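# Got a sequence here, can you model it:
(one chain, ligands or ions: 1)
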Amino acid sequence: MTALRKRLMAGNWKMYKTAKDARVFVDELKNLLGNVESLGSVAPEAAICAPFTVLYALRDELPQLGVGLGAQNMHEAAEGAFTGEISASMLQDAGCQYVIIGHSERRAYFAETDEAVAKKTVVALESSLVPIVCVGESLQERENGQTDTVIEKQMRVVLDALASFAAEKGESEKVKDLVIAYEPIWAIGTGKSSSAQDAQQVIGLIRRFIADRLGQDVAQAVRVLYGGSVKPDNIAVYLAQEDIDGALVGGASLQPASYVELLRKSV
Ligand code: 13P
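All right, here's what the predicted structure looks like:
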């Protein structure tokens with residue numbers, strides 16, 4: 001990892017935890033770690049992406065521990081008749097600095113398209129939320145040797161939208177806030193993590209796609225995470241890879257002890 005990019009350890013709580021559970025998590029985090037800054041000048045950036053109903057319970061508490069707050073989805077419209085949806089300004093209002101976009105579970109179960117993902121990514125950046133945009137191939141795609149083309153297609157739609165955003169709105173600096181999470185679908189929640197070499201190969205490719213479309217300057221600034229069965233005992237091998245800047249973690253972010261262990265191993 002170059003010195004330019006700060007590591008990011010982002011938890012994705014998915015559809016787990018009530019407000020009471022979230023408060024227990026924060027209390028334990030406080031006891032185990034205190035503030036993330038206690039890890040020193042090379043402390044990673046830390047974020048928890050929580051269910052909507054828990055955001056208010058965390059909005060004042062998490063920042064006091066040096067941990068950012070994020071959501072797991074948003075709608076691209078500013079407001080409107082979209083029952084059950086939530087906007088970027090509502091997330092900001094609830095204290096969010098991050099939002100996960102295009103998680104494979106949203107693509108698979110809620111028919112989220114590459115085009116919707118691209119629109120949401122631009123709106124998040126316009127709203128000064130850090131978008132954590134997820135890409136990744138299925139097991140069948142990997143076995144058919146289609147990984148690179150699947151990732152290329154998912155990235156192309158987002159990068160085209162970001163290129164227009166950067167050019168038309170003069171926002172080339174803001175685009176550097178983008179975070180990409182490479183999450184092979186077959187590695188999510190299965191205990192079958194990708195080898196660090198395979199993850200580096202795809203993440204290196206993602207960085208080249210960014211460089212080709214948005215320039216080397218942006219590509220060197222954008223953080224690219226690995227996600228899929230990341231645990232305290234395997235995080236080090238991913239972070240040792242040149243292009244891997246952190247992780248998006250599901251299961252192991254639910255327990256304060258394992259999340260703290262991940263943070264400690266990210267310094
Ligand atoms: P697990 O870490 O539980 O495999 O989940 C990964 C994930 O989907 C994070 O977004």
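
# contacts and neighbour counts: CA atoms only from here.
Noted.

# For whichever strand or helix holds residue 262, give me every contacting residue.
Element membership of residue 262, judged by DSSP states H and E, is helix 256-264. Applying CA atoms under 8 Å, 6 or more residues apart in numbering, the contact partners of helix 256-264 are 9, 11, 25-26, 28-29, 32-33, 36, 39, 43-44, 46, 231-232, 235, 252-253.

# Tell me which of those fall in helices.
Taking DSSP state H, the ones among these that sit in helices are 25-26, 28-29, 32-33, 235.

# Buried residues, the helix holding residue 262. List them.
Neighbour counts over helix 256-264 (16 or more other CA atoms under 10 Å) mark 256-263 as buried.

# can you tell me the average pLDDT over it?
Mean per-residue pLDDT for helix 256-264: 98.

# ok so residue 190 is a helix residue?
No: assigned with DSSP: H, G, I helix; E, B strand; the rest coil, residue 190 falls outside any helix and is coil.

# Could you check how far it is from the ligand?
Separation of residue 190 from the ligand (CA to the nearest ligand atom, to the nearest Å): 6 Å.

# SS state for the residue lying closest to that residue once chain neighbours are set aside?
Leaving aside its chain neighbours, residue 190 sits nearest to residue 229 (6.6 Å; criterion: CA to CA, 6 or more residues apart in numbering). Here residue 229 takes the coil state, with states given by three-state DSSP.

# Which residues of the stretch 1-150 of the chain lie near the ligand?
With CA under 6 Å from any ligand atom as the criterion, the stretch 1-150 of the chain meets the ligand at residues residue 12.

# What is the burial count for whatever residue of the stretch 1-150 of the chain ends up closest to the ligand?
Nearest to the ligand in the stretch 1-150 of the chain, going by CA to the nearest ligand atom, is residue 12, at a distance of 5.2 Å. By the criterion of other CA atoms under 10 Å, residue 12 has 24 neighbours.

# thinking it is in contact with residue 255, fair?
No: taking contacts as CA atoms under 8 Å, residue 12 lies outside contact range of residue 255: 11.6 Å.

# returning to what we had before: if I pick the residue of the stretch 1-150 of the chain closest to the ligand, what's in contact with it?
48-50, 72, 248-251, 253.

# Any chance you could list what contacts the helix ranked longest in the chain?
Using DSSP H to define each element, the chain has its longest helix at helix 147-168. With contact meaning CA under 8 Å, 6+ apart, helix 147-168 is reached by 114-115, 117-119, 121-122, 135-137, 141, 171-175, 202, 205-206, 209-210, 213-214.

# one more time with 7 Å, if that's ok
Contact with helix 147-168 is made by 114-115, 118, 122, 135-137, 141, 171-172, 175, 210, 213-214, as judged by CA atoms under 7 Å, 6 or more residues apart in numbering.

# Got a PyMOL select line for the buried ones in the residues you listed?
Selecting the buried subset of the contacts of helix 147-168 in PyMOL, with 16+ other CA under 10 Å as the burial test, is done by:
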select buried, resi 114+118+122+135+136+137+141+171+172+175+210+214
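
# Just the ones of the contacts of helix 147-168 in helices?
Counting by DSSP H, the contacts of helix 147-168 place 114-115, 118, 122, 141, 210, 213-214 in helices.

# need these in JSON lines with pLDDT, can you?
Shown next, in JSON lines, are the ones in helices among the contacts of helix 147-168 (pLDDT from 0 to 100):
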{"residue": "114", "pLDDT": "97"}
{"residue": "115", "pLDDT": "97"}
{"residue": "118", "pLDDT": "98"}
{"residue": "122", "pLDDT": "97"}
{"residue": "141", "pLDDT": "96"}
{"residue": "210", "pLDDT": "98"}
{"residue": "213", "pLDDT": "97"}
{"residue": "214", "pLDDT": "96"}
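
# ok, of the residues you listed, which one's closest to residue 86?
Residue 86 lies nearest to residue 122 out of those, by CA to CA, at 15.6 Å.

# dump the residue contacts of the closest one.
Shown in contact with residue 122 (CA under 7 Å, 6+ apart): 162, 165.

# what distance separates the longest helix of the chain from the centre of its chain?
Taking CA atoms, centre = their mean, to the nearest Å, the mean C-alpha location of helix 147-168 is offset from the chain mean by 17 Å.

# what does stretch 173-191 give?
Stretch 173-191 sits 5 Å away from the centroid of its parent chain (CA atoms, centre = their mean).
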